[in-house]
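Trainee: Sequence and predicted structure are below.
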Amino acid sequence: MKKIILVSSILFTQLFFSQDYQITYNLRYREDSLSTNYINKNFVLQVDKDQTKFILKSLIDGNKILDANTRMFYDLPMEQIVQHKRNADDYTNYDVIFQNYYSYPSSNPITWTIEKDTKTENTYKLQKATSNFIGRQWEAWFIPDIPIMEGPYKFRGLPGLIYEVKDQKDNFTYELIEVKKLDKPYDTSNIIETHFGTKPIAITRKKYEELKLNDYKNPYADYRSMSAGTWSISPSEGRVINTIAQLDQYAKEVQERIKRQNNPVDLATAIKYP
């Protein structure tokens with residue numbers, strides 16, 4: 001993928017003295033570590049005076065107000081949506097589990113080894129750094145001339161803005177696209193702080209794992225107690241599931257997909273599905 005930086009060096013100088021800015025990254029990733037197919041999504045790292053947020057870009061493009069009937073949130077790589085206080089390694093993580101919105105805390109300090117290797121891309125001189133972080137070996141390239149000690153997802157703490165970071169097995173690659181100054185912080189109250197107006201239920205990481213495992217063991221459990229004819233599921237165009245027998249078969253398909261796509265960026269805490 002060709003990297004494009006749309007900000008001049010003069011604007012970067014201005015950014016150093018600004019409290020608020022948006023940094024866009026492209027994330028190229030594999031849901032299935034054994035697959036050769038990749039998904040590309042753009043994310044925004046919003047850096048405010050006191051905190052940073054990593055958000056899917058399509059959720060903020062055009063100042064969208066999400067409709068409660070949309071399925072967008074269920075198709076997102078939700079583990080990527082995080083926020084933390086500036087200069088801190090304590091994160092708030094978010095996920096949607098069967099129509100409920102949750103948040104849970106994590107502490108993810110990262111230790112870098114800064115290498116001597118350098119290279120130039122798009123007129124920027126980059127320096128290499130490596131880290132064994134969240135269960136994967138990572139290679140990063142940062143811009144020493146841009147003293148923004150932030151990067152995509154939970155990658156931060158280098159003496160310069162992270163330009164690119166990828167894991168050794170080529171499951172995840174984050175590439176810088178754009179940096180933009182903000183006149184004021186972007187309002188994420190309908191994106192992170194609430195899910196269609198509903199605040200996240202604060203839980204522990206242990207409870208989160210329990211909920212994910214329960215959801216895996218009995219997908220769509222609530223539907224089983226409903227009367228026939230009062231519910232239906234449409235997992236794809238033209239397909240309707242409205243009987244328990246159909247639900248049993250679909251549940252097996254859901255379980256197979258969950259196991260196949262269990263390739264989280266945070267491999268160290270990956271949930272082990274039976």
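Mentor: Arrived safely. Numbers count the residues shown, from 1 in each chain.
Trainee: In stretch 199-219, which residues are buried?
Mentor: Buried residues in stretch 199-219, counted by 16 or more other Cβ atoms under 10 Å: Pro200, Ile203, Tyr208, Leu211, Lys212, Asp215, Tyr216, Pro219. (Glycine included, C-beta is placed from N, CA and C.)
Trainee: can you pull out the strands in the stretch 51-200 of the chain?
Mentor: Read by DSSP state E, counting those that start in this stretch, the stretch 51-200 of the chain holds these strands, from start to end of the chain: 51-56, 82-85, 90-97, 100-107, 113-121, 124-133, 136-143, 161-167, 172-181.
Trainee: would JSON lines of the ones you listed with mean pLDDT and distance to Phe155 be doable?
Mentor: Conversion of the strands of the stretch 51-200 of the chain to JSON lines gives the following (pLDDT from 0 to 100; distance: least, Cβ to Cβ, whole Å):
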{"stretch": "strand 51-56", "mean pLDDT": "92", "distance to Phe155": "10"}
{"stretch": "strand 82-85", "mean pLDDT": "94", "distance to Phe155": "11"}
{"stretch": "strand 90-97", "mean pLDDT": "93", "distance to Phe155": "12"}
{"stretch": "strand 100-107", "mean pLDDT": "94", "distance to Phe155": "14"}
{"stretch": "strand 113-121", "mean pLDDT": "96", "distance to Phe155": "14"}
{"stretch": "strand 124-133", "mean pLDDT": "96", "distance to Phe155": "8"}
{"stretch": "strand 136-143", "mean pLDDT": "98", "distance to Phe155": "7"}
{"stretch": "strand 161-167", "mean pLDDT": "97", "distance to Phe155": "5"}
{"stretch": "strand 172-181", "mean pLDDT": "93", "distance to Phe155": "7"}
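Trainee: Tell me which of those strands sits most buried.
Mentor: Each of those was assessed for mean neighbour count using mean count of other Cβ atoms under 10 Å. The highest is strand 161-167, with a mean of 22.
Trainee: wait, which of the strands of the stretch 51-200 of the chain is closest to Leu247?
Mentor: Using Cβ to Cβ as the measure, strand 90-97 is the one of the strands of the stretch 51-200 of the chain that comes nearest Leu247, at 18.0 Å.
Trainee: Got the phi and psi for Tyr223?
Mentor: Note on Tyr223: its backbone torsions stand at phi -70, psi -20 [degrees, to the nearest 10].
Trainee: which SS state does the closest residue to it other than its chain neighbours fall under?
Mentor: In space, not counting the residues next to it along the chain, Tyr223 is nearest to Trp231; the distance is 5.2 Å by Cβ to Cβ, 6 or more residues apart in numbering. With DSSP: H, G, I helix; E, B strand; the rest coil as the basis, the three-state label of Trp231 is coil.
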